[in-house]
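K.L.:
following is a predicted model, sequence given first.
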Amino acid sequence: VPTGDRQKRRTSRPKLGRTLSLRSISFRSLMGTDTLSEHQEEQLKRFQRLEKSQARLLKQFEKYKMVVTVEVPYDECQENLQRIAARMGEIGLDTRALNKQQIMEMDNLRKESDTFIASLQMTDEYQLEMAAAEAKWEADIRTGNEEARAKIWRHMDPNISTFSLEALSGHVTPCGTTLPRPLSRRFKGNNVLQLLRTDPDTIARVHPSFFKKLRAMSLNLTERRALHAHLTTLAHRWQEEKGKAPAEKLAWFHLLRDTLKEKLAVYEGHVAKYGPPSDHRCPLIGKQCPIKAEAAIGYDRDYGFPAEAVYAKTQETARVPPQLAQQRADRLAQEQRAAEHSAILKKHYKKIGGGMREASQASVACESLDETMDLLRAELAGWIGALEDGVL
């Protein structure tokens, strides 16, 4: 067949997809008629628009590596994941030894696996299984966590928050010695450790912005276990409470907990491979070894501080003059308002395409407005008091 005739024949074929989609054909076949009412036509167009919108969303999910969850029973998810794992094992994980078709199949299997994993995580059975595993993990480490907290308590004055670094370094402990300066610097530098000498009821009342200011980047395993023992009860309380503030506090706790899980898994795996601290044969040098890194900041001494839940005395705060206590409360409220304003402004200017400079200027303006409002409230309170006393 000549090329021109072939091209003409190809272009003259009827293209059904341009006039009637497969969806509309099946819909007409289902209705048993080629003519639809005005309402049916409108519904058909609506379904077609929804289909196109769904297709666009799926493309966006695939572009940004997002997994679409599908409601699949727990047992079926498990069976499919086992099937996918078996097939992946048959193909092999070394991509260099695979041909193009096998690589494409592996990609499809990975996508299918992600979908079933996401669906599995949405099932009630999986949630119960994870809750049981979490409870078992907590029970297994509870004793070690309590011992870690007692170790740090023996090194920490109950009123540690009132000391400066210099004062803490020169402070004489109950056993008649002073704390090593590296340990004092650690307590003041990683100020999250001072929560160990803070009453949990006091911690529960603070604003979520307080936790964002705490430094907890270079904690060792003993310190993380001690904090987990101290905050677990609060986490249960935050989980039961509703609202944005408890949710933010719980998210902060979960960050600490997840890091503890990672560190503890590394430590236990290292011990299982190279032996316990008493008979440790590890080729790693210095702090690359988890056990050596843990021993670098030792909490094995006893400086005579109480190894139980002794916190800063509430009687001391009761002796604070009412005027000073009110000033502290006002300053804390001002800091909380400033933190809230800053978060709102950053979100706003990020949404409209502004920069940090505009957000900072707006934050300064809000602080100035807050100060003005505080002055007006103080003046109003004084004026009302004068009226009540008959001065005006």
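P.N.:
In hand now; what should we look at?

K.L.:
all helices for the stretch 51-200 of the chain, in order.
P.N.:
74-91, 100-121, 124-153, 165-170, 181-189, 200-205 (DSSP state H, counting those that start in this stretch).

K.L.:
can I get these in CSV with mean neighbour count?
P.N.:
Quick note: C-beta positions are derived from backbone N, CA and C, even for glycine. What follows is the helices of the stretch 51-200 of the chain, written out as CSV (neighbours: other CB atoms under 10 Å):
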stretch, mean neighbour count
helix 74-91, 14
helix 100-121, 14
helix 124-153, 14
helix 165-170, 14
helix 181-189, 17
helix 200-205, 13
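
K.L.:
so which of the ones you listed is nearest A338?
P.N.:
helix 200-205 (18.8 Å; CB to CB).

K.L.:
what lies in contact with that closest one?
P.N.:
L195, H230, L231, T233, L234, R237, W238, Y311 (CB atoms under 8 Å, 6 or more residues apart in numbering).

K.L.:
packing partners for the helix or strand just after it?
P.N.:
Following helix 200-205 in sequence order, the next helix or strand is helix 208-212 (DSSP states H and E). Under the contact criterion of 3 or more CB pairs under 8 Å, 6 or more residues apart in numbering; DSSP states H and E, helix 208-212 touches helix 244-274, helix 322-351.

K.L.:
by mean pLDDT, show me the worst of those helices.
P.N.:
Sorting these by mean pLDDT places helix 322-351 lowest, at a mean of 68.

K.L.:
E294 against L219, yeah?
P.N.:
No - counting by CB atoms under 8 Å, E294 does not reach L219; the two are 11.1 Å apart.

K.L.:
which one's more surrounded, those two?
P.N.:
L219 (21 against 18; other CB atoms under 10 Å).

K.L.:
report the contact partners of that one.
P.N.:
L219 sits in contact with N190, V192, L193, L227, where contact means CB under 8 Å, 6+ apart.

K.L.:
for the residues you listed, which one is nearest K261?
P.N.:
L227 (13.3 Å).

K.L.:
isn't the closest one right next to L193, touching?
P.N.:
Yes - between L227 and L193 there is a contact under CB under 8 Å: 7.4 Å.

K.L.:
neighbours around the nearest residue to T177 once chain neighbours are set aside, how many?
P.N.:
Among residues not flanking T177 along the chain, Y303 sits closest, at 6.8 Å (CB to CB, 6 or more residues apart in numbering). Y303 sits with 18 neighbouring residues when counted by other CB under 10 Å.

K.L.:
which residues touch Y303?
P.N.:
Counting by CB under 8 Å, 6+ apart, Y303 has contacts R154, H155, T173, P174, C175, T177, L179.

K.L.:
these, buried ones only, as a ChimeraX selection?
P.N.:
Buried members of those, defined by 16 or more other CB atoms under 10 Å, are picked up in ChimeraX with:
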select :154,155,173,179
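
K.L.:
which one is Q336 nearest to, not counting chain neighbours?
P.N.:
Nearest to Q336 is H207, by CB to CB, 6+ apart, at 4.5 Å.

K.L.:
also I297?
P.N.:
I297's closest residue in space is N220 (CB to CB, 6+ apart), at 5.5 Å.

K.L.:
before we move on, what about S169?
P.N.:
S184 (4.4 Å).

K.L.:
you'd agree the one you found is up against T173?
P.N.:
No - judged on CB under 8 Å, S184 makes no contact with T173 at a distance of 10.9 Å.

K.L.:
now do the contacts for the residue nearest in space to the middle of the chain.
P.N.:
In the chain, the centroid-proximal residue (CA atoms, centre = their mean) is A251; its distance is 4.6 Å. The contact partners of A251, taken as CB under 8 Å, 6+ apart, number zero.

K.L.:
swap the cut-off to 10 Å and go again
P.N.:
For A251, the contact set (CB atoms under 10 Å, 6 or more residues apart in numbering) comprises P208, F211, W238.

K.L.:
okay, the second one: pLDDT?
P.N.:
What the model reports as pLDDT for F211 is 89.

K.L.:
okay, it and H254: tell me how far apart.
P.N.:
Separation of F211 from H254 (CB to CB, to the nearest Å) stands at 12 Å.

K.L.:
work out the gap between stretch 131-147 and the centre of the chain.
P.N.:
20 Å (CA atoms, centre = their mean, to the nearest Å).

K.L.:
pull the residues that contact that stretch.
P.N.:
148, 221-222, 224-230, 232, 257, 260-261, 264, 307.

K.L.:
so what does the residue nearest to T177 look like in phi/psi?
P.N.:
phi -90, psi 10 (degrees, to the nearest 10).

K.L.:
where does it land on pLDDT?
P.N.:
The model's pLDDT for Y303 equals 92.

K.L.:
let's have the chain start at 59 instead
P.N.:
Sure, I'll start numbering at 59, so the last one becomes Y361.

K.L.:
circling back: kindly reformat the contacts of L277 as CSV containing distance to D259.
P.N.:
Listed next are those as CSV, based on distance: CB to CB, whole Å:
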residue, distance to D259
N248, 23
V250, 18
L251, 19
L285, 17
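
K.L.:
buried subset of these?
P.N.:
Using 16+ other CB under 10 Å, the buried members of these are N248, V250, L251, L285.

K.L.:
for the third one, which residues are in contact?
P.N.:
Read that as L251. So L251 contacts 210, 213-214, 218, 244-245, 272-274, 277, 281, 284-285, 288 (CB under 10 Å, 6+ apart).
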